[in-house]
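# everything below, folded, please.
(2 chains)
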Amino acid sequence: MRLELRGITKRFGTFVANDAIDLVVESGQIHCILGENGAGKSTLMNCLYGLYRAEEGEILLDGVPQRFAGPGDAMAAGIGMVHQHFMLVPVFTVAENVMLGNENTLGGGLLDMAAARTRVTEIGDQLGFHVDPDTRIEDLPVGVQQRVEIIKVLSRDAQVLVFDEPTSVLTPQETDELMAILKQLRNEGKAIIFISHKLREVRELADKITVIRRGKVVGEALPTSTNAELASMMVGRDVILTVTKDAPKITSNRLEVTDLVVTADDGAVLVDKVSFTVKGGEVLCVAGVDGNGQSELANALLGLEGQVTGSIVLNGAELTGKNPRKMLDAGIGFIPADRNEDGLVGSFTIAENLMLNRSNGLPFAKGGVLQLGFRDQFAAEKIVEYDVRTEGINQEVSRLSGGNAQKVIVAREMSKDLSLLVAAQPTRGVDVGSIEFIHKRIIEERDAGIPVIVVSTELDEVVGLADRIMVMYRGAAVGIVPADTPRDILGLMMAGIAPENQEGAPA
Amino acid sequence: MSAVTAEPAVFGTEIVEHRIIEQRSFKLPIILTVVSVLLVVMLLLAPRAGYAVFRLAAETDYVSIPDVRVRGLLVAWICVGAAALLLPLAWHRAVTYRKLWPWAIALFALLALTAFLAWAGAGANGFWNVTALIVNAIAVAVPLVFGALGGVIGERSGVVNIAIEAQLLMAAFTGTVTASITNNPWAGLVAALAAGALVAALLGLLAITYKVDQIIVGVVLNVLVIGMTTFLWRAWLQPNSDVLNRVDGIQFDSVGIPGLNRIPIIGPALFNQNIIVYIMFIAVVAVWFGLYRTRWGLRTRAVGEHPKAADTVGIKVNRTRWVAVLLAGAVVGIGGASYTLMAGRVTGFDQEMTSGYGFIALAAVIFGKWNPVRAAFAGLLFGFAINLRIALPALNPGGPAIPPQFLLMVPYVVTLLAVAGLIGRSRAPAAVGSAYSVE
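Numbering: from 1, shown residues only, chains lettered A, B, ... in the order given. Next comes the predicted model:
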């Protein structure tokens, strides 16, 4: 099936998310759409899938114009989508999720579960894996949940398959397996749209690459293009993809974490007896697939987790069990993993957000009264120093782009005297220009001689920033290895296999 | 890069995510201990002499069972003692990280209840008619069960229905007036059903279509309907009660099912009941079947758990919620009709006659973990507690007894305990309470 998009334009208020986008996808092809976060890739796909209504433009399948009033119409026309955030009901079984909206019935609306189970098993067999149709989704690892999504799409006989950032939740090995599945589907004649901002994957997979920037198609590229070429197309200028840093100059500062255990209310051990030391002047990167305890480890270092045992010692001072106020007073700078949830108050101004963690005394408050003059002067200095692109210090942070909002947090956390920096996902959802800037600042803190911990699920970022890498899996530390460890070894560590057990026997 | 594994891998069987440290939960043994201690204190501080009489049979039964006449205080002490024997078991299970078996909890509840009844009946003029206790409990529970069923349907689709009270009251009013005018209980039932759906339509319009906060809409609807029915009752029904607010000739009768209705205890309770009660039994099964075995139910539950996922597979979220809310309103409406249209109800429509039952029904929804069958049993349990409030003073007129208000508190106390985790995790549908929009 041949898919053609002509002049798709989608606006949110005055913001043009898609500006007259043209795209042709042929069957038997993997067509990659490359673009930064916020470039408009997902918006375009939601228009294609009938979730959004485009203001202008048309969608053609095999030359026939289509009108999609909703996802149901798009699916009926043969378009299937695997969403970035899985569209699965957690408390339903695999079979129930696959049949939902397209149910096998025995007549009279009575569900035919046996047929649904068979359908799951059959499609799984075709793709070369087995998923138990009666397992609840919430009990499955994310990699398997994604396979359920693929089964769901194929069970509707989709001919055009859209994958929206499908690898962001996968280990490198799972990514390889997904790529094999995608190639198999292409060889069966499906048209595949693969959306990503990861250059490596796009180059490996694509038959054709379309690059989108700020809602517009900026051009097509060949899979043989280099990373630098693709990156400069994506960003619109030459970018430096590697982080430049000198050899670490170790100081006497120390963070020592011993047997740290974080337990959730239901008894799940989120961080499982993790011990490590970070010396002043070095960066320890915590790598791993999202959800393996890294965020909880970072939160525990700031005193945000409820049930914590073990010990956290910073420069000889015991910090275990202290509340976040005491942790901040001990000189910990903290960049939270989800800036909108934990890092910023969206409806507050930039100036207000910049003083959020210092409202308890001088110089920002005097006798309980905010010192607005000082606050505004401080904010004005910081937005220049940290290159926050904004209308002014009184703009609400919810109206900033991801990169600029993140720079507000970086400015707040780094403009005090730090004894430890903990940065969780410092560049998630941030444009490439801001990534360069934030990385540079993190390395500056390291070179100032304090211990730095960076939690990241992006292997490129981990390898670029780290002096040493700790890989976490299911809450436990799989191992701590040097920064020049080969990627395939790191990948297996992210699947829980320690380097000493990897002797030529992958997974 | 490592090679892609060629063999088909098996998923879904491995242990997922993080190691689990089992948590001890002492809630249940603590509660059972507190109940036991309270019973002992009651027996010590207010001992009651004399015999308690339990009547197990009705005159029409196949076999006649003689009345059981026992020393009340003695039996109460025996029951409390037997219940207390279960306490070490409960504590042992908790200490060893295990759950207490449901039969043990049920046995404890039965023993505690028997102890209470034996104590309260000791030396009384009357006797405990066990059959009547159950029959009347079911009669009291009818609006609770229908209310709970309606609550389950609505919440499963993602719409909180605080307005069950309003739907019951509106349906009771409309059903009474319609049946009085037409002289036909069936017409009253249909009108009540429509009235429940009408209030639900207001809820749907505001909460689904206009995305107003569901809790606020529900509270406002309750106040609106209380005010409106009270006004109409005063201005319209009271002056014309012989035409508009009758009791005679508008009620459904009890219908015995031949053969089954003469089995002791369960015959009168289950097979010699009012038509509305039979409808209730059918409704419980039908709602369960609908929610868990049909396409409609799968879609309704999907919309309540993850509306976006439902949308992406082509299910119209708001339409599905509308259907569920209207259906729920109609179901609650039948419960409202039971206030005046069941034989044995002695008054016509009265102002605020639902007296908070809508909220007890809501409690039954939570206690029943959003499952229609469990919620119906919760409604019956609460009905039993409410009925004791009536039965206790009747048993022993003028005697010192428990203030009936205490028994009225039972449903709420039980629900608080339930929400605090006594019955295991009570998990609401994930998307309940939030309106759905795409962009």
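# was I right about A:Val243 contacting A:Arg446?
No - contact between A:Val243 and A:Arg446 fails when scored by C-beta atoms under 8 Å: they sit 10.8 Å apart. The way it works is simple: take the backbone N, C-alpha and C, and place the C-beta from them, glycine included.
# what residues does the residue in the stretch 351-500 of chain A that chain B sits nearest to make contact with?
Closest to chain B within the stretch 351-500 of chain A is A:Gly475: 4.5 Å, counting by C-beta to the nearest C-beta. Residues near A:Gly475 by C-beta atoms under 8 Å, 6 or more residues apart in numbering or on different chains: A:Val262, A:Val269, A:Leu270, A:Val271, A:Asp272, A:Val274, A:Asn292, A:Gly293, A:Glu296, B:His18, B:Arg19.
# nearest spatial neighbour of B:Gly314, skipping sequence neighbours?
Excluding the flanking residues, the one nearest B:Gly314 by C-beta to C-beta, 6 or more residues apart in numbering or on different chains is A:Gly72, at 2.6 Å.
# how many residues are close by that neighbour?
Using other C-beta atoms under 10 Å in any protein chain shown, the number of residues around A:Gly72 comes to 18.
# quick revisit: quick one: which of A:Val243 and A:Arg446 has more around it?
Between A:Val243 and A:Arg446, A:Arg446 has the larger neighbour count (other C-beta under 10 Å), namely 23 against 18.
# residues touching the residue in the stretch 251-400 of chain B positioned nearest to chain A, list them.
Relative to chain A, the nearest point of the stretch 251-400 of chain B is B:Gly314 (2.6 Å; C-beta to the nearest C-beta). Taking C-beta under 8 Å, 6+ apart, we find B:Gly314 in contact with A:Gly70, A:Pro71, A:Gly72, A:Asp73, A:Met75, A:Ala76, A:Gly101, A:Asn102.
# which parts of the stretch 51-200 of chain A are helices?
Assigned by DSSP state H, counting those that start in this stretch, the helices in the stretch 51-200 of chain A fall at A:71-76, A:94-99, A:113-127, A:142-155, A:172-187, A:199-205.
# of these, which stretch is the most buried?
The highest mean neighbour count among the helices of the stretch 51-200 of chain A, using mean count of other C-beta atoms under 10 Å in any protein chain shown, belongs to helix A:94-99: a mean of 27.
# okay, now the domains of the chain?
This is for chain A. Domain assignment for chain A by automatic domain parsing gives A:3-235, A:254-348+A:416-501.
# I was after chain B.
Domain ranges of chain B: B:27-124, B:132-396, per automatic domain parsing.
# weakest of those domains in terms of mean pLDDT?
Among the domains of chain B, domain B:27-124 carries the lowest mean pLDDT, at a mean of 88.
# for the stretch 351-500 of chain A, which residues are neighbours of chain B?
Residues of the stretch 351-500 of chain A that fall close to chain B, judged by C-beta under 8 Å from any C-beta of the partner chain: A:Arg474, A:Gly475, A:Arg487, A:Asp488, A:Gly491, A:Leu492.
# please flag which of those residues sit within helices.
A:Arg487, A:Asp488, A:Gly491, A:Leu492 (DSSP state H).
# got a quick PyMOL command for the buried subset of the residues you listed?
Here is the PyMOL command that selects the buried residues among those (16 or more other C-beta atoms under 10 Å in any protein chain shown):
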select buried, chain A and resi 491+492
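# give the contact list for the most centrally placed residue in chain B.
For chain B, the residue sitting closest to the mean C-alpha position, by C-alpha atoms, centre = their mean, is B:Gly379 at 1.5 Å. Neighbouring residues of B:Gly379 by C-beta under 8 Å, 6+ apart: B:Ala141, B:Leu144, B:Val145, B:Gly147, B:Ala148, B:Ile360, B:Ala361, B:Ala364, B:Gly368.
# appreciated, that's everything.
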